[in-house]
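Peer 1: Turn this into a structure:
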Amino acid sequence: MAANATPRLFRYKQVIAVRTDLDMSRGKIAVQVAHGALSAAERARVTRQDVWKAWLDEGQKKVAVKVASEKDLLDLKRLAVVHRLPNALIRDAGMTELPPGTITVVGIGPALSEEIDKVTGSLKLL
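Peer 2: Below is the predicted model of the structure:
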């Protein structure tokens, strides 16, 4: 950050949780995160257009975090549903590194940062 730049404050964000037990390559992780981000954002665009638009206008903050297992990912998905957060669970097509149907990531949000933090705030950055 430049010496005279002020940090941006984001009211909204999106979090994409990635399974670390699959030993995906960096490229595979990047593609799966992109699928999760886009799919969850599209859900928000359809169901909460006001939030989606505010997030878009604000700069589309995204955070990638890690989880250790499929169970952890499914637990996050359930919490996102309970908290009424837009979300998308991604299953791989199985054309490269993983068997078809492997659950790889869950995208949550965009939503207000404090709402997302109720679900993902304890997770470590990827």
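Peer 1: roughly how far is stretch 113-120 from the heart of the chain?
Peer 2: 11 Å (C-alpha atoms, centre = their mean, to the nearest Å).
Peer 1: before we move on, what about stretch 90-107?
Peer 2: Offset of stretch 90-107 from its chain centre (C-alpha atoms, centre = their mean): 15 Å.
Peer 1: what about it, how long is it end to end?
Peer 2: In stretch 90-107, first residue to last residue: 8 Å (C-alpha to C-alpha, to the nearest Å).
Peer 1: And it, what's buried?
Peer 2: 90, 92, 98, 102, 103, 104, 105, 106, 107 (16 or more other C-beta atoms under 10 Å). In this view, the C-beta of every residue, glycine as well, is placed from N, C-alpha and C.
Peer 1: And the first one, how close does it get to residue 83?
Peer 2: Looking back up the chat, that one is residue 90. Separation of residue 90 from residue 83 (C-beta to C-beta, to the nearest Å) stands at 19 Å.
Peer 1: now do the fourth one
Peer 2: Counting by C-beta to C-beta, the gap between residue 102 and residue 83 amounts to 26 Å.
Peer 1: Check the spacing between the spatially most central residue of the chain and residue 106 real quick.
Peer 2: Of all residues in the chain, the one closest to the mean position by C-alpha atoms, centre = their mean is residue 16, 2.0 Å from it. Note on residue 16: its distance to residue 106, by C-beta to C-beta, is 7 Å.
Peer 1: what touches both of those two?
Peer 2: Both residue 16 and residue 106 are contacted by 36, 40, under the criterion C-beta atoms under 8 Å, 6 or more residues apart in numbering.
Peer 1: part of a strand, is residue 66?
Peer 2: Yes: under DSSP: H, G, I helix; E, B strand; the rest coil, residue 66 falls within a strand.
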